[in-house]
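Student: Below are the sequence and a predicted model for it; my questions follow.
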Amino acid sequence: MLAHIVSNSVELCKFIARLGLKLTNPQLRHVTNVVDALIVSEARRKTLAALHRELLDPPSDQYALADCFRESPWTAEQVRSRLLVYLVRLAVRLARLLHLQKTIFISFDDSLCSKDPATRYLEAVDWHYDHNASSKKRPAYRNGSVYLLCRLQIGFIQFTINWRLYLRRKTVRRLNRKRSGSQRLSYASKYTLARHMLEQLCPLLPEDFTVYVLFDSWYTAAKLITFIRRQGWHVICALKSNRILKRPGPRTGKPGRPPVVRRQVRQWAQELRYTPYTRVRVKAADDTVTTYLVRTLTGRLNRVPFDVCVLISKRTRRDKHPAYFLCTDLTLNAQTVLKYYLRRWPCEVDNWYLKEALGLADYQMQKLEAIAKYHAVVFLALAYLQWRAVRIQMHGRTTQLSLADVIRQHRQEHDRQLVEAVARMTLEVRAVEPVLARFLHQPPPRQSLLALPLQIASVAQTAPGYT
């Protein structure tokens with residue numbers, strides 16, 4: 001197998017140095033090597049052994065690399081906190097420098113890392129409800145681990161700034177049976193994890209920026225919406241059809257306040273079926289334009305102490321399953337609300353890169369702390385790719401740049417280093433065999449099981465006392 005990494009990428013070393021990670025030199029060396037190998041490797045499964053084989057001159061063996069995650073005393077929080085502070089401050093500083101629109105979009109999304117159904121001993125792995133494979137009449141479950149990510153966007157500046165591992169309540173109880181004292185875990189729901197990430201984000205965001213928090217219907221809790229508005233931010237999210245919306249009813253002629261009508265959102269949609277639509281044209285990420293038929297309602301969601309705007313969106317007039325959206329900024333029209341809600345789509349793109357291109361689901365560590373460290377390193381690799389994409393766009397080299405282009409450029413730089421190293425050594429030794437021995441990792445020959453009894457018999461014949 002050909003080792004592609006002669007030396008670590010200069011741009012990667014610059015990025016990690018700017019984070020100021022409080023790691024020892026061996027820890028920092030292992031983290032840098034793993035991040036570099038995650039981007040370079042084209043293996044189907046990016047295990048630590050496969051990543052270790054990408055290094056031409058590894059500083060240690062693959063067992064020491066595994067011990068960096070299993071035994072080394074550093075924590076995932078050290079990487080996560082430094083990355084959060086650096087990326088948010090960088091995004092705000094670049095937005096001011098480039099005179100971008102002072103609007104910050106914060107998106108939340110969760111995703112499932114699938115593992116084999118027979119996996120039992122990895123502490124972060126359990127059976128979770130699969131939203132994509134489930135239907136109303138037939139729920140589906142999948143074995144794996146769930147994580148929640150937080151994404152920040154200002155103009156073309158986009159960073160995944162935070163993440164958390166989610167554990168089921170039953171999983172926490174099972175793990176706590178083998179833990180004691182300070183090692184015991186506390187259960188945190190997805191709503192709690194999202195709120196903790198927002199609390200970490202509060203002191204880092206400037207007051208002169210307008211902030212919109214975007215999420216899907218699974219996070220539309222009254223407590224979360226109230227907390228976000230208390231910070232002076234706005235919410236744009238999807239809404240389930242059974243949520244209660246309170247609106248003032250018709251006046252009865254009696255003095256006092258008009259009566260309040262409490263109905264589900266789908267019931268309001270049925271009542272307004274004869275009112276005119278507003279045609280909204282929305283441009284998707286693939287440049288396709290879709291026209292939606294939208295009706296707008298204003299009222300108070302159940303347990304929310306302020307007015308919100310609810311959009312009822314249909315693709316066609318005969319659409320029997322409309323989509324519902326909520327916005328707390330009453331100054332926005334339906335066109336702008338749907339346009340802003342589409343800013344959530346890059347979360348799905350990040351999930352694809354994390355799991356398919358960077359191997360987030362390929363961990364093989366047993367302990368929860370080791371899995372959290374591996375997640376931290378993978379998210380560090382994603383942050384580096386996004387950081388480099390922003391740098392390329394800032395210098396005006398291109399306006400349409402994907403992370404796949406950055407990965408391709410990163411690999412080409414390593415290929416150039418490899419070709420230069422091979423050519424330089426060939427000119428020095430003027431022979432082919434030493435070059436092949438240095439740059440090709442020769443796997444040990446696999447012996448056939450049929451030849452094993454013959455080898456045992458030959459060894460037995462040479463042993464003393466053989467008859």
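Tutor: Looks like it arrived, so ask away.
Student: What's the local residue count around residue 266?
Tutor: Residues near residue 266, counting by other Cβ atoms under 10 Å, number 16. C-beta: built from backbone N, CA, C; applies to glycine.
Student: can you tell me the helix or strand for it?
Tutor: Using DSSP states H and E, the element containing residue 266 is helix 265-271.
Student: can you give me the offset of the helix or strand following that helix from its chain's centre?
Tutor: Reading on from helix 265-271 to the C-terminus, the next helix or strand found by DSSP H and E is strand 278-283. On the basis of Cα atoms, centre = their mean, to the nearest Å, strand 278-283 sits 29 Å off its chain's mean C-alpha point.
Student: now stretch 201-213
Tutor: In terms of Cα atoms, centre = their mean, the centre of stretch 201-213 is set 21 Å apart from its chain centre.
Student: which outside residues touch it?
Tutor: With contact meaning Cβ atoms under 8 Å, 6 or more residues apart in numbering, stretch 201-213 is reached by 84-85, 88-89, 92, 95, 102-108, 150, 154, 161-162, 198, 228, 231-237, 329, 340, 343.
Student: of those, buried ones?
Tutor: Buried by 16 or more other Cβ atoms under 10 Å: 84-85, 88, 92, 95, 104-108, 150, 154, 161-162, 198, 228, 233-237, 329, 340, 343, out of these.
Student: Of these, which belong to strands?
Tutor: Among the buried ones among the contacts of stretch 201-213, the members found in strands (DSSP state E) are 104-108, 150, 154, 161-162, 234-237.
Student: Which single one of those residues is nearest to residue 141?
Tutor: For these, the residue nearest residue 141 by Cβ to Cβ is residue 108; the value is 22.5 Å.
Student: Excluding residues flanking it in the chain, which one is nearest the closest one?
Tutor: Using Cβ to Cβ, 6 or more residues apart in numbering and skipping residues adjacent in sequence, the residue nearest residue 108 is residue 215, 4.3 Å away.
Student: From residue 103, how far out is the one you found?
Tutor: 17 Å (Cβ to Cβ, to the nearest Å).
Student: for the stretch 351-467 of the chain, which spans come out with low pLDDT?
Tutor: Residues of the stretch 351-467 of the chain that meet the criterion pLDDT under 70 lie in 397-399, 441-467.
Student: tell me which residues in stretch 343-361 are buried?
Tutor: Quick answer for stretch 343-361 (16+ other Cβ under 10 Å): 343-344, 346-347, 350-351, 353-355, 357-361.
Student: Show residues contacting that stretch.
Tutor: 38-39, 41, 45-46, 105, 107-109, 111, 113-115, 144-145, 147, 149, 151, 153, 158, 160, 212, 214-216, 284-285, 375, 378-379, 381-382, 385, 403-404, 407.
Student: and the closest residue in space to residue 103 that isn't next to it in sequence, what are its phi and psi?
Tutor: The spatially closest residue to residue 103, leaving aside those adjacent along the chain, is residue 210, at 5.0 Å (Cβ to Cβ, 6+ apart). Backbone geometry at residue 210, expressed as degrees, to the nearest 10, gives phi -90, psi 130.
Student: do residue 148 as well
Tutor: Main-chain torsions, residue 148, degrees, to the nearest 10: phi -120, psi 130.
Student: what's the burial count for it?
Tutor: 21.
Student: Provide a list of residues in contact with it.
Tutor: Neighbour list for residue 148: 108, 109, 110, 163, 164, 166, 190, 193, 194, 197 [criterion: Cβ under 8 Å, 6+ apart].
Student: Output these in TSV; the columns should cover pLDDT and distance to residue 203.
Tutor: TSV is the format used below for those (pLDDT from 0 to 100; distance: Cβ to Cβ, whole Å):
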residue	pLDDT	distance to residue 203
108	92	19
109	94	23
110	94	25
163	97	19
164	96	19
166	97	24
190	94	23
193	96	19
194	95	17
197	96	13
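Student: Any of those residues buried? List them.
Tutor: 108, 109, 110, 163, 164, 166, 190, 193, 194, 197.
Student: Show me these that map onto helices.
Tutor: Within these, membership in helices is found for 190, 193, 194, 197, as judged by DSSP state H.
Student: out of everything not next to it in sequence, what's closest to the third one?
Tutor: Sequence neighbours aside, residue 108 is the residue nearest to residue 194 in space, at 5.3 Å (criterion: Cβ to Cβ, 6+ apart).
Student: Who does that neighbour form a beta bridge with?
Tutor: Beta-bridge pairing of residue 108 under DSSP bridges involves residue 150.
Student: how far away is it from residue 242?
Tutor: Distance, residue 108 to residue 242, by Cβ to Cβ: 21 Å.
Student: domains for the chain, by residue range?
Tutor: Following automatic domain parsing, one finds the domains of the chain at 10-74+402-420, 76-354.
Student: Distance to residue 437 added to these, as a markdown table?
Tutor: What follows is the domains of the chain, written out as a markdown table (distance: least, Cβ to Cβ, whole Å):
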| stretch | distance to residue 437 |
| --- | --- |
| domain 10-74+402-420 | 12 |
| domain 76-354 | 36 |
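Student: looking at this, residue 65 is in a helix?
Tutor: Yes. Counting by DSSP: H, G, I helix; E, B strand; the rest coil, residue 65 is found in a helix.
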